[in-house]
Each structure stands twice: as structure tokens, then as C-alpha cells.
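> Make a model of this:
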Amino acid sequence: MDSENTNRLLFKRSLIIYLSILFIALINFLIILFAPLLVNSSGFLSDLGFLIYALFSKSCHQIKDRSFFVFGEYLPVCIRCFSIYTGFLLGSIVFPFIRKFNFFALPKISLFIFSVVLIIIDVSLNLFGFLDNFVISRIVTGGFLGTVAAFYIIPGFVNAYFEIFIFFKKKKIQPYDKTS
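Below is the predicted model:
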């Protein structure tokens, strides 16, 4: 296979992975946004809404006072978590425009560390009583972390796919020989 065809194949598979991550991020965002509507429905839809809340309770405290309200109900995640998910969706949308469809290169790790440190500072200032964090600080710190995370997760999945692909391509699995 010549270099041009190889590059085209790499790009096509990377694009499929990218679009899959973008699709999952969009579905996740919509599930969060419409869970309150489902809870206020009846029958199966209401049960589905409560299931969504139960699933998100494993990763978020779901304190009502720290959540946005939609359709008269609080979201199944707090403001900071919602901002992380929203930031990840937005980061995934802008990724190809900023990275010029370079699906392999990771940014410097210092950017990710900085985004995590911002949240740690915000939470710590609140926890130790120095400064109450507020809606804007939760939105900014969560949104920043979510957006930055997209620039690590997308190349991470692309690189992982190709590592696995190359591993199995090199490792030619021999068919089982019944005569042995």
C-alpha cells in the first residue's frame, strides 16, 4: 500500500473515531438535559428518567442547590459536572479546527494539570471556608476542564486504536491445526 493510500486510511479511521466520540458526547449531553423531562413523564419514560438519575449519582453528588433546573427539575448532575460534559462536547466540536485534523498529537500535559489544579483550588477554597465557590466559578472551572479533556481523550482513543490495530496486524493468528 502506497503512502497516499495509507494516509487516507489513517485519516478515515481517525475521523470515524473522532465522530464516534463527538456523537457519544452529544448523546450524553442530551441525556443529561432531557432527564428532567423524562422524570416528569409517565410510565416507562419516567422509569428511564429515574434510571438516568441513578446512573449519574455514581459520579456526581446531585445536590439540588448546586444544579441547574430544566423543565421544573434539577439536572442529574451538578453545575460543575454539567459544565465538564458541556465543555467536553464543545471541545470535541472545535477539536478539528484547532488541531487541523491532527488526531494523534497530545497537547503538553501542563495544560491538563492546570485545568485540574483550577478545580482543586476552587473546591479547596470552599471546603476550608476561605471563599464560597459560586455558579460562575463552577461553570468556568468545569467547562475549562471538559474542553481541555477533549484534546487528550480524542488523540488518546485514536492512538489506542492504532496501537491495538498494529498489534493484531503484526501478530498473525495461526488457525488451529487439528492434526497435531
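> need the strands for the chain, in chain order.
For the chain, applying DSSP state E gives strands covering 69-70, 73-74.
> Find the nearest non-adjacent residue to the residue nearest the centre of the chain, please.
In the chain, the centroid-proximal residue (C-alpha atoms, centre = their mean) is residue 88; its distance is 5.1 Å. Using C-beta to C-beta, 6 or more residues apart in numbering and skipping residues adjacent in sequence, the residue nearest residue 88 is residue 146, 4.0 Å away. Any C-beta I mention is one placed from the backbone N, CA and C, and that applies to glycine too.
> Could you list the low-pLDDT ranges of the protein?
Applying pLDDT under 70 to the chain picks out residues 1, 171-180.
> go with 90
Segments of the chain classed as low confidence (criterion: pLDDT under 90) are 1-11, 42, 65, 71-72, 100-106, 126-134, 162, 164-180.
> in it, which spans are helices?
Ranges of helices in the chain, per DSSP state H, are 3-39, 44-56, 79-99, 109-127, 135-170.
> What residues sit buried inside the second one?
Spelled out, it's helix 44-56. 49, 52, 53, 56 (16 or more other C-beta atoms under 10 Å).
> Who are the packing partners of it?
Here helix 44-56 touches helix 3-39, going by 3 or more C-beta pairs under 8 Å, 6 or more residues apart in numbering; DSSP states H and E.
> Buried residues of the helix it packs on, list them for me.
14, 17-18, 21-22, 25, 29, 31-36, 38-39.
> tell me which of the residues you listed is nearest to residue 104?
Using C-beta to C-beta, residue 14 comes nearest to residue 104 of the buried residues of helix 3-39, at 7.6 Å.
> And that closest one, how far from residue 151?
Distance, residue 14 to residue 151, using C-beta to C-beta, to the nearest Å: 14 Å.
> now residue 58
26 Å.
> So between these two, which is more surrounded?
Using other C-beta atoms under 10 Å, the more surrounded residue of residue 58 and residue 151 is residue 151, with 20 against 6.
> dump the residue contacts of residue 69.
Contact partners of residue 69, counting by C-beta atoms under 8 Å, 6 or more residues apart in numbering, are 36, 75.
> Relative to residue 36, how far out is it?
7 Å.
> Overlap in contacts, these two.
residue 75.
> I'd like to know how far residue 81 sits from residue 109.
Taking C-beta to C-beta as the measure, residue 81 falls 23 Å from residue 109.
> Those two: which has the busier surroundings?
residue 81 (22 against 9).
> Once you drop chain neighbours, what's closest to the more buried one?
Residue 81's closest residue in space is residue 60 (C-beta to C-beta, 6+ apart), at 4.5 Å.
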